[in-house]
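Colleague: give me coordinates for this.
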Amino acid sequence: MSGQPVSIEAAPGVRWLLTPEAVRARAEGLLALGLDGALDHFAVHPEKLGACADAVVETIRASYPDLAIPYHARWRHFSVGGFDRWGSLAEAAPWEEAAARARAAFDLVIVSVLLDAGAGPTWRYEEGRTGETYARSEGLAVASFDLFISGLFSEVPEDPFRVDARALASLSVADLARGFQVSPTNPLVGLDGRTALLNRLGQVVAADPDGFGPQARPGGLYDLLAARAVDGALPAPALLAALLTHLGPIWPGRIALDGVDLGDTWRHPKAGGEGETAGLVPFHKLSQWLAYSLLEPLEAAGLSVTGLDALTGLPEYRNGGLFLDSGVLSLKRPDEAARAHPVESELVVEWRALTVALLDRLAPLVRERLGIADPAALPLAKVLEGGTWATGRRLARSLRPDGTPPLTIASDGTVF
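Modeller: Now for the predicted structure:
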């Protein structure tokens with residue numbers, strides 16, 4: 001791990017791979033091959049996109065009959081069970097200015113999103129304050145919120161509602177296991193990987209005062225973004241670029257070019273391209289999920305993020321499962337559904353790329369069915385929430401008793 005942000009001296013191709021334009025370009029290229037029947041693992045059935053859009057619209061109308069859909073963001077999970085945990089904390093916390101509250105919100109959501117890889121089918125979290133039990137993303141969110149308010153991530157005893165680099169760097173697997181109620185009968189997928197990711201986050205934050213400020217907090221990114229806003233507005237690609245630039249070194253040893261860690265970027269033999277970027281397919285799923293999750297704290301602090309649809313859909317198992325379970329995608333070899341696939345496998349890279357490109361085709365169909373002419377009135381960030389993610393979960397539950405996705409991924413806890 002370099003521990004340093006991406007340098008402006010990095011080769012243009014390397015910098016391009018760290019953009020949503022690159023995510024879309026490589027995804028579109030693989031979709032074009034899929035439409036021609038030239039992919040090895042998946043067949044694409046575009047004639048079924050209409051029925052898929054109908055299913056998404058059904059979900060949206062049931063959940064948001066007034067079409068007041070929020071962003072697809074971690075904040076939704078903090079309100080699971082009808083209890084606004086962050087809102088209650090914000091009312092009670094002693095923040096004296098909007099910027100201080102924004103830094104705390106950044107601290108919380110950055111750590112929580114980085115912990116939001118798949119939990120596995122059996123893990124559960126029992127919330128002490130409500131007595132409710134949650135699983136998967138909701139359980140991870142509530143657990144990480146509880147860890148945040150407990151002060152585990154703080155180095156300042158009189159200020160528990162913060163995250164400090166030193167606390168992250170010294171976090172142990174046992175600390176996280178206790179916080180997530182892990183036991184032999186309640187296993188959490190990728191516990192070691194999650195701990196290592198937070199350790200690296202602490203190291204990177206401490207080594208990058210330009211990105212995270214003199215206090216060495218993830219929330220210091222708020223000040224960097226606020227300083228880059230023009231007339232109170234920040235373009236969405238600039239938000240993602242800041243995240244990829246300053247958080248890039250946290251990702252475990254994957255592909256690196258020119259000394260730059262490319263994060264959620266993988267190889268596929270049919271991805272195309274030239275030079276050193278040939279065959280590389282970027283996704284930046286957790287980074288884009290984090291970008292979507294920072295919209296609300298930025299807006300609460302008086303900043304607006306423009307051009308949201310420059311970001312892409314999220315290639316994870318609920319959106320990808322939506323296309324498989326609705327028949328838009330099918331496996332050329334159905335027996336491949338019977339075994340787990342590593343995240344770097346050609347099959348998983350294909351699935352994720354097709355998911356990104358198909359979400360771009362699905363969103364206009366959803367808007368059309370809802371009578372929304374202006375894409376800005378229902379950006380992709382809200383289509384995802386309304387939306388594709390919830391419909392993917394709904395279809396999974398209707399087709400499989402345990403609601404698991406149609407494909408199984410062998411995850412290290414840092415991707416899905």
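
Colleague: which other helices and strands does the host helix or strand of G50 contact?
Modeller: According to DSSP states H and E, G50 maps onto helix 49-63. Judged by 3 or more CB pairs under 8 Å, 6 or more residues apart in numbering; DSSP states H and E, the packing partners of helix 49-63 are helix 317-325, helix 346-370, helix 389-399. Just so you know, the C-beta spots here come from the backbone N, C-alpha and C atoms, and that holds for glycine as well.

Colleague: which pLDDT value goes with G413?
Modeller: For G413, the pLDDT comes out at 61.

Colleague: can you check A410 too?
Modeller: 86.

Colleague: can you list phi and psi of it for me?
Modeller: Note on A410: backbone dihedrals following degrees, to the nearest 10 are phi -90, psi 100.

Colleague: isn't it up against R339?
Modeller: No: under the criterion of CB atoms under 8 Å, A410 is not in contact with R339, lying 9.3 Å apart.

Colleague: compare these two (neighbour count), which wins?
Modeller: Neighbour comparison, A410 and R339: the larger count goes to A410, with 15 against 9 (by other CB atoms under 10 Å).

Colleague: so the closest residue in space to that one that isn't next to it in sequence versus G118, what's the distance?
Modeller: Once flanking residues are discounted, A410 sits nearest to A340: 4.4 Å by CB to CB, 6 or more residues apart in numbering. Between A340 and G118 the distance is 11 Å, computed by CB to CB, to the nearest Å.

Colleague: what does G139 give?
Modeller: 11 Å.

Colleague: tell me, how many neighbours does A226 end up with?
Modeller: As a burial measure, A226 scores 17 neighbours (other CB under 10 Å).

Colleague: that one sits in which helix or strand?
Modeller: Using DSSP H and E, A226 sits within helix 221-228.

Colleague: and the least confident helix or strand in the chain by mean pLDDT, what does it pack against?
Modeller: Within the chain, no helix or strand scores below strand 260-261, which has a mean of 84 by mean pLDDT, DSSP states H and E. Using 3+ CB pairs under 8 Å, 6+ apart as the contact test, no helix or strand touches strand 260-261.

Colleague: okay, now the sheet partners of it, with direction.
Modeller: Sheet pairing of strand 260-261 (DSSP bridges) gives strand 256-257 (antiparallel).

Colleague: out of the helices and strands packed on helix 49-63, deepest packed?
Modeller: Most buried of the helices and strands packed on helix 49-63, by mean neighbour count (mean count of other CB atoms under 10 Å): helix 317-325, with a mean of 26.

Colleague: the helix or strand following it packs against which elements?
Modeller: Next helix or strand after helix 317-325 toward the C-terminus (DSSP H and E): strand 329-331. Here strand 329-331 touches strand 42-44, helix 317-325, helix 346-370, going by 3+ CB pairs under 8 Å, 6+ apart.

Colleague: including distance to V109, could those go into a markdown table?
Modeller: Shown next, in a markdown table, are the helices and strands packed on strand 329-331 (distance: least, CB to CB, whole Å):
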| stretch | distance to V109 |
| --- | --- |
| strand 42-44 | 33 |
| helix 317-325 | 19 |
| helix 346-370 | 22 |
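
Colleague: and of those, who's closest to V156?
Modeller: helix 317-325 (37.1 Å; CB to CB).

Colleague: tell me where the stretch 51-200 of the chain has helices.
Modeller: 74-78, 85-92, 98-114, 136-150, 165-169, 173-179, 191-207 (DSSP state H, counting those that start in this stretch).

Colleague: looking at the ones you listed, which is nearest to A229?
Modeller: Minimum separation from A229 across the helices of the stretch 51-200 of the chain (CB to CB) falls at helix 98-114, 12.2 Å.

Colleague: tell me the angle of that closest one relative to helix 136-150?
Modeller: Counting by axes from the mean of the first three to the mean of the last three CA atoms, to 10 degrees, helix 98-114 lies at 130 degrees to helix 136-150.

Colleague: counting contacts, what elements does helix 98-114 pack onto?
Modeller: helix 74-78, helix 85-92, helix 136-150, helix 191-207, helix 221-228, helix 285-300.

Colleague: got JSON lines for those helices, with distance to F180 and mean pLDDT too?
Modeller: Shown next, in JSON lines, are the helices and strands packed on helix 98-114 (distance: least, CB to CB, whole Å; pLDDT from 0 to 100):
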{"stretch": "helix 74-78", "distance to F180": "15", "mean pLDDT": "95"}
{"stretch": "helix 85-92", "distance to F180": "17", "mean pLDDT": "92"}
{"stretch": "helix 136-150", "distance to F180": "5", "mean pLDDT": "95"}
{"stretch": "helix 191-207", "distance to F180": "7", "mean pLDDT": "94"}
{"stretch": "helix 221-228", "distance to F180": "25", "mean pLDDT": "97"}
{"stretch": "helix 285-300", "distance to F180": "18", "mean pLDDT": "94"}
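
Colleague: G34: which element?
Modeller: Assigned by DSSP H and E, G34 belongs to helix 20-35.

Colleague: of the helices and strands packed on helix 49-63, which is nearest Q215?
Modeller: Q215 lies closest to helix 389-399 among those, at 34.1 Å (CB to CB).
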